[in-house]
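*Asks:* what would the 3D arrangement of this be:
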Amino acid sequence: MGSGASVSEVSQPQRLEAGVEAEPDPPRASTPVGRSVDTLQADEEEAAEPDSHTVDIQSVKSEESNRNQEEETTHAVMNTAANETVEEGEEVSLDFESFLHNNGMLYSCFNHQGNRVYVDESQKLQPFPAEWYSQGHFITPNNESSGQLQTVSSSQPAVREDDRIGSIYIQGKGTVITYMFEERVNICRFWDLQSGVWLLLPLQWEMNVEFVQARIQRVMSSLPGLVDQKEITAALRQCNYDPEEVISVYLTMFGEILLQASPSADHNYTDLNSFSRALLERDRVIEDLRQKLQTKEKEVDSLFQKNSYLAREVHYLNDVIQHLNQKLAELEANQQEAQEKIRSLLNRRAPAVLPSKTITKPTVDPGHLRQVSQLTRELNVSNKQLRSTVHQALTDMKNQLEQLKSSVGRVAEVEQEAAGEVEELRSLYRKEAVERKSLYNKLLELQGNIRVFCRCRKSSASSSCLEKTDDQEVVVVQKGSRRKFQFDKVYPSSSTQEDVFAGTLPLITSCVDGYNVCILAYGQTGSGKTYTMMGSKENPGVNIRSIRELLRICAEKEKVSYTLKISMLEIYNDSLNDLLTKSPGAALDIRVQGKSVSVPGLTQVQVQTEADILNVMETGEKNRKIASTKMNIQSSRSHLMVALEVEGSDEVSGLMSRGTLTLCDLAGSERISKTEAEGQRLVEAAAINKSLTALGQVFSALKCNALHIPFRNSKLTHLLQPCLSGDAKCCVFVNVSPDVKDVVETQSTLQFGSTIRQVSLGKATQNIVPAKNKSVK
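*Replies:* Next up, the predicted model:
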């Protein structure tokens, strides 16, 4: 609705000329749904035929089914009225528009010769009441007015002359205008003359847009192995058309293989990326190995069959040898018996000289002799057979021992190989875990999630309510029940200050590159927050170590000059106190300018050496308010905020970076029943709990993407607004006590940390601008 049309009678030749649509000219300053003079003339000529007259109505409300039916009926009524006017031979000017009444009804209206009429609920034309001008407003494609008609004078969309404008030929539509809209994410659309709206450009056509093609070439020049332009275009869509982010994502996922160009001689892979070629090569190698494995398996089956056949042959030959040994033993026994007979016959031969006297021989029973001879023969056969059997058994045992010895050697080799494979698998698993953690951290950084670390305080108690299962999980044991909590890193009570600082080092170093960074320490009173953030003189905490690290990084960059300024303030009873001022007691207030939040009059001290850091921290610590409670001898009674501004000026590029590192040591949440606070301590505890409650409300609103974030509910959340509004990288330490008597507070703190771990602040922006006073050579 809101586009005007003119209806009149025209001749047949004029209708034929108007039937051809003119291709769009370069964009001119006109409304995005405007129509050109040629298009209006074509509409007038097409209106001469009742069947070709149409009215375009754009709904501004949700497309409900009953309203669509009402609009269709409205079209028919207005078409009938226009056709009747045309049939009378008069030239009538009709301007169609929509009127939205305050009661929610949408009426279709048109202006006929200066008189405005509308279509009522019964689909009849009624004069437009004068009092309705104050009870609603007219809807046009560009704006909303209270009674003024909007006329459209051009068919081209209103866009600025910049590099986002382009055109592309689409089969069936001709040459259409494209424009790269910058919304929350960049979306490439084209202007459709038929519907009069910007439509999403398909991926196949978007590749040919000059704006997109330039970024595709940028990615392909950096990654020669990435040749699929469709895939690059889809990745650009996901990365908001940032070619640097696309290059980073692909290098992270596929590694340096994309830096190798595809071989020009390989015609099979000309349309594939390097990693796709690598996968195909790997599949080809796997297929060759699979075929070789099948061949080896067939050979093994054949060898098994031969082995079984040879085993049967050996068993048969063993039986034959045993039978032959038995025959041999019998033959040897027969031979020995024959030799005995020969010797006995030789002894019976008569002597040449007659004996001088006759010797009487005892009589021997021949049957008994034959029996003894038979037994002797059987013993000899048995002896021979036993010797053969023992010799065969000893040979078999010797062979079996040799086989066992070789088998033991092979088992030892297999065990050694298995141990090497296990160690290699463990190494690969550790490497994979590190890469997976790196990718997960990269994803969290892109999403802008708050990083949450859990640190357990050291305790002298024998029993503990906490169990650390791995580096990212802690379990709370309470009355037999076990509850698990997941964090980005869990530091046990044995962890050192160096270990804790190493986890925050990547965030802190990005402050030098122009990012805002915020680190918070949260937990109950006496859980070790101040020790984590401030530490001791001999073993400093995150605050001093982070500033020391920033000084070291700034000193390494010779071409960039850095200036570091530090400020310290405390929020005591919801009032701001400057901890570095020489005249304490001055009132401080918070000033908001756009997205920036500042404290006018806050003392800033420039630091250049580590000695400057220690002096500033010592001064701030002396001025901070602490007191003794029943749960903590040195209990912080205020929230401490240390802000370090890092401003760098690059002499080569002429760019200036500005980053702020905000370190916040929150006062501990207290239960009055445990601390037994009275008087001033009770007032302080109430103020601390109130501000921490406001902080929890802010995180809850951020988690559910609420329209209103209650930053102004307390001074603490008001000062943290820039850090929690998506312009900074944020990290939170949840400090807990492992003592069983503190299990309720510990579980509440872990639940708070688990909740804020799901908060996504969005990708942090880098604060880099051209230097104001750049010297011209």
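*Asks:* next one: stretch 637-651 to chain centre, how far?
*Replies:* 30 Å (CA atoms, centre = their mean, to the nearest Å).
*Asks:* restrict it to CA atoms and write it as CSV.
*Replies:* What follows is stretch 637-651 as a C-alpha-only set of coordinates in CSV (Å, rounded to 0.1, in the frame of the first residue of the first chain):
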residue,chain,number,x,y,z
ARG,A,637,34.2,-4.1,53.3
SER,A,638,34.1,-2.6,49.8
HIS,A,639,34.4,-3.5,46.2
LEU,A,640,37.9,-2.7,44.7
MET,A,641,38.2,-1.6,41.1
VAL,A,642,41.6,-1.2,39.4
ALA,A,643,41.5,0.3,35.9
LEU,A,644,44.6,0.4,33.7
GLU,A,645,44.3,2.4,30.5
VAL,A,646,46.8,1.3,27.8
GLU,A,647,47.2,3.8,24.9
GLY,A,648,49.5,3.0,22.1
SER,A,649,50.6,5.0,19.0
ASP,A,650,52.1,3.1,16.1
GLU,A,651,54.8,5.1,14.3
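*Asks:* list the buried residues of it.
*Replies:* 637-650 (16 or more other CB atoms under 10 Å). (Each C-beta comes from the backbone N, C-alpha and C, glycine too.)
*Asks:* quickly name whichever of those is closest to residue 764.
*Replies:* residue 646 (14.7 Å; CB to CB).
*Asks:* need the nearest residue in space to residue 261, chain neighbours excluded.
*Replies:* Using CB to CB, 6 or more residues apart in numbering and skipping residues adjacent in sequence, the residue nearest residue 261 is residue 224, 3.8 Å away.
*Asks:* cool, residue 223 as well?
*Replies:* residue 258 (4.3 Å).
*Asks:* ok, now residue 135?
*Replies:* residue 102 (5.2 Å).
*Asks:* and that neighbour, what's its pLDDT?
*Replies:* The model reports residue 102 with a pLDDT of 83.
*Asks:* let me know how buried it is, in neighbour terms.
*Replies:* 10 (other CB atoms under 10 Å).
*Asks:* residue 127 and residue 120 touch, don't they?
*Replies:* No - judged on CB atoms under 8 Å, residue 127 makes no contact with residue 120 at a distance of 10.4 Å.
*Asks:* which parts of the stretch 351-500 of the chain are strands?
*Replies:* With DSSP state E, counting those that start in this stretch as the criterion, the stretch 351-500 of the chain has strands at 451-456, 466-470, 473-478, 481-486, 489-491.
*Asks:* so residue 517 is in which element?
*Replies:* Using DSSP states H and E, residue 517 sits within strand 516-523.
*Asks:* run the angle between that strand and strand 451-456 for me.
*Replies:* Strand 516-523 runs at 30 degrees relative to strand 451-456, counting by axes from the mean of the first three to the mean of the last three CA atoms, to 10 degrees.
*Asks:* partners of strand 516-523, with directions?
*Replies:* strand 655-665 (parallel), strand 728-736 (parallel) (DSSP bridges).
*Asks:* out of those strands, nearest to residue 581?
*Replies:* Comparing the strands paired with strand 516-523 under CB to CB, the one sitting nearest is strand 655-665, at 19.0 Å.
*Asks:* now do that closest one, average pLDDT.
*Replies:* For strand 655-665, mean pLDDT is 89.
*Asks:* ok, longest helix in the protein?
*Replies:* helix 366-447 (DSSP state H).
*Asks:* now do the buried residues in the helix or strand just after the strand holding residue 517.
*Replies:* Downstream of strand 516-523, the next assigned helix or strand under DSSP H and E is helix 529-533. Buried residues in helix 529-533, counted by 16+ other CB under 10 Å: 529-533.
*Asks:* turn the residues you listed into a markdown table, including distance to residue 743.
*Replies:* Below are the buried residues of helix 529-533 laid out as a markdown table (distance: CB to CB, whole Å):
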| residue | distance to residue 743 |
| --- | --- |
| 529 | 18 |
| 530 | 22 |
| 531 | 21 |
| 532 | 21 |
| 533 | 24 |
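*Asks:* wait, which of these is closest to residue 469?
*Replies:* Using CB to CB, the buried residues of helix 529-533 come closest to residue 469 at residue 532, 22.1 Å.
*Asks:* next up, the contacts around the closest one.
*Replies:* 455, 497, 500, 521, 541-542, 733, 735 (CB atoms under 8 Å, 6 or more residues apart in numbering).
*Asks:* now do 7 Å
*Replies:* 455, 500, 521, 541-542, 733, 735 (CB atoms under 7 Å, 6 or more residues apart in numbering).
*Asks:* mind putting the residues you listed in CSV, pLDDT included?
*Replies:* Below are these laid out as CSV (pLDDT from 0 to 100):
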residue, pLDDT
455, 91
500, 90
521, 91
541, 90
542, 89
733, 92
735, 91
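*Asks:* near residue 542, how many other residues are there?
*Replies:* 25.
*Asks:* can you pull the contacts of it?
*Replies:* The contact partners of residue 542, taken as CB under 7 Å, 6+ apart, are 500-501, 504, 519, 532-533, 663.
*Asks:* again, only using 8 Å
*Replies:* 500-501, 504, 519, 532-533, 535, 663 are the contacts of residue 542 under CB under 8 Å, 6+ apart.
*Asks:* then residue 478?
*Replies:* Residue 478 neighbours (CB under 8 Å, 6+ apart): 465, 743, 747.
*Asks:* now restrict those to buried residues only.
*Replies:* Applying 16+ other CB under 10 Å to the contacts of residue 478 flags 465, 743, 747 as buried.
*Asks:* relative to residue 476, which of those residues is nearest.
*Replies:* For these, the nearest to residue 476 is residue 747 (5.2 Å; CB to CB).
*Asks:* present the buried residues of stretch 637-651 as TSV; the columns should include secondary structure.
*Replies:* Output for the buried residues of stretch 637-651, formatted as TSV (DSSP: H, G, I helix; E, B strand; the rest coil):
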residue	secondary structure
637	coil
638	coil
639	strand
640	strand
641	strand
642	strand
643	strand
644	strand
645	strand
646	strand
647	strand
648	strand
649	strand
650	strand
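*Asks:* can you add pLDDT and distance to residue 135 and give the buried residues of helix 529-533 back as a markdown table?
*Replies:* Output for these, formatted as a markdown table (pLDDT from 0 to 100; distance: CB to CB, whole Å):
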| residue | pLDDT | distance to residue 135 |
| --- | --- | --- |
| 529 | 86 | 60 |
| 530 | 85 | 63 |
| 531 | 88 | 67 |
| 532 | 90 | 63 |
| 533 | 88 | 61 |
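*Asks:* so which of those residues comes closest to residue 390?
*Replies:* For the buried residues of helix 529-533, the nearest to residue 390 is residue 532 (82.1 Å; CB to CB).
*Asks:* separation between the closest residue in space to residue 117 that isn't next to it in sequence and residue 428?
*Replies:* Nearest non-adjacent residue to residue 117, counting by CB to CB, 6+ apart: residue 125, 4.9 Å away. Residue 125 sits 79 Å away from residue 428, going by CB to CB, to the nearest Å.
*Asks:* compare the two (neighbour count), which wins?
*Replies:* Ranked by neighbour count (other CB under 10 Å), residue 125 and residue 428 place residue 125 first, with 15 against 10.
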